[in-house]
Structures are given as C-alpha cells and as structure tokens.
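K.L.:
here's my sequence, what's the structure:
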Amino acid sequence: MKRRSSFTNYTWVKASIFEYKERFIVLEECQQGQVLIPAHGSEQRVSDFADLSGTLRLDCTAKEMGQVVFKALENFDTKPHPYGQFDFSSRNRYIKKWMGARGIDEWETNQRVVDIEQELDSGKYIVRPFDNCNIHPWNGPEGMPEIELSASATIEEIGQAVLDAFKLATYNPSSKRSADIL
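P.N.:
Presented below is the predicted three-dimensional model:
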C-alpha cells in the first residue's frame, strides 16, 4: 500500500484493537494531521485513528484476528483521519460510531485495549496490553508486559499474541465488566 507521505521516514506501523460490547474492534491508524507538510520534517509523527479495519466476535480464531490486524498494519497511514487534528468533538463522534458507543465516557470505562506496532527496520512486532486506570490513573501500556514476535511471525501467531494480550489488558475499576474479570 502507498502511504500518504512521500517525505516521511516511516520507522513503524501501528494498529489498535479494542474489546467493547462483546466484540473486538480493530482500527487502522495514520500520522496525525490531515495534510502532512514537508516543512515539518521527515520524522514520523504520532498516530491517530483513521478508519475501522474490522470487527470480530470474542470467540474468533487467532487466524481471523491476525488477518484483520495484519490488514490494519498494512493500511497504516494510507488515508488521513476523517476529522480535524484538533476537532475533538468530531473525533469523538467517529469513535462512538466505530465502537457503537453511546458516549465517550461509557466507552472509555467499559473497554479494554491492545495495540500492535511493527518496527519496519527489523520487522519485529510488539503487542502491548493496556492497563485501564488500575496501575496508573490513565489508560495506557505503561507497566504492562509486552509480547514480542519476530519478523517471521505468521498471521496466526500475530492473532494469538493479540488474543493473549487481551488476557492481560484490564478494564477500568469502575467498569461493569471489571467485577466479572476479578
């Protein structure tokens, strides 16, 4: 796939996977900014959600998960996010639409997150489960174990690593689901 920027030195690609409302939702990502400007330099910028890559049942196979995740990684930065960089209201509307959420607060509380990044120089995959306000007062991968896969990992191994990471990812302590997990 052709990426949006001809001047960016791409060093990684990334996708985010959410568990929400009894399904997995895989989002493609892109560099922040709808218009990439050469004057900003060739260093790769932080990412943002660009599009829905796919949804899966919670009982999906590792191969099914791997296929959707691999598609999302291949599509990294092939299209801009569909909202303005600082238009948080519009961004929230897209997130609610992709997730099927009534509100952002409800979604943030009742979801779990895993992200996957592929380092382009080595080809290595890093799968990160997120802690949702249990270790730190924010939702992020800090303090959580990472799963690393070699560049030769198969689609099924990638999918299995994502599914395994969800066993480590946490719900928010206020979540309706957190009591079910503990």
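
K.L.:
any chance you could map the strands in this protein?
P.N.:
In the chain, the strands defined using DSSP state E lie at 12-20, 23-31, 47-57, 112-119, 125-129, 131-132, 139-140, 147-149.

K.L.:
what segments of the protein are helices?
P.N.:
62-74, 88-99, 104-109, 155-166, 178-181 (DSSP state H).

K.L.:
hmm, back to that, rank the strands of the chain by pLDDT, which is bottom?
P.N.:
Ranked on mean pLDDT, the bottom entry among the strands of the chain is strand 139-140, at a mean of 76.

K.L.:
mind checking which of the helices of the chain is nearest residue 80?
P.N.:
Ranking those by proximity to residue 80 (CB to CB) places helix 88-99 first, at 12.1 Å. Heads up, the C-betas are built off the backbone N, CA and C, glycines and all.

K.L.:
list the helices and strands that closest one packs on?
P.N.:
strand 23-31, strand 47-57, helix 104-109 (3 or more CB pairs under 8 Å, 6 or more residues apart in numbering; DSSP states H and E).

K.L.:
for residue 147, which of these is the nearest?
P.N.:
strand 23-31 (16.3 Å).

K.L.:
give me the buried positions along that closest one.
P.N.:
Neighbour counts over strand 23-31 (16 or more other CB atoms under 10 Å) mark 24, 25, 26, 27, 28, 29, 30, 31 as buried.

K.L.:
separation between the second one and residue 72?
P.N.:
Okay, so that is residue 25. Distance of residue 25 to residue 72, computed by CB to CB, to the nearest Å: 11 Å.

K.L.:
could you do the last one as well?
P.N.:
Using CB to CB, one obtains 15 Å as the distance from residue 31 to residue 72.

K.L.:
residues in contact with residue 122?
P.N.:
Residue 122 makes contacts with residue 151, as judged by CB atoms under 8 Å, 6 or more residues apart in numbering.

K.L.:
so can I have a markdown table of the helices and strands packed on helix 88-99 showing distance to residue 79?
P.N.:
Formatted as a markdown table, the helices and strands packed on helix 88-99 follow (distance: least, CB to CB, whole Å):
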| stretch | distance to residue 79 |
| --- | --- |
| strand 23-31 | 6 |
| strand 47-57 | 5 |
| helix 104-109 | 23 |
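
K.L.:
check the offset of stretch 127-142 from the chain's centre.
P.N.:
In terms of CA atoms, centre = their mean, to the nearest Å, the gap separating the centre of stretch 127-142 from the centre of its chain is 13 Å.

K.L.:
that one: end-to-end distance?
P.N.:
The stretch stretch 127-142 measures 13 Å between its terminal residues, going by CA to CA, to the nearest Å.

K.L.:
ok, residues contacting it?
P.N.:
108-109, 111-117, 143-149, 158, 161-162, 164-175.

K.L.:
what about stretch 146-166, start to end distance?
P.N.:
Span of stretch 146-166 from end to end, CA to CA: 11 Å.
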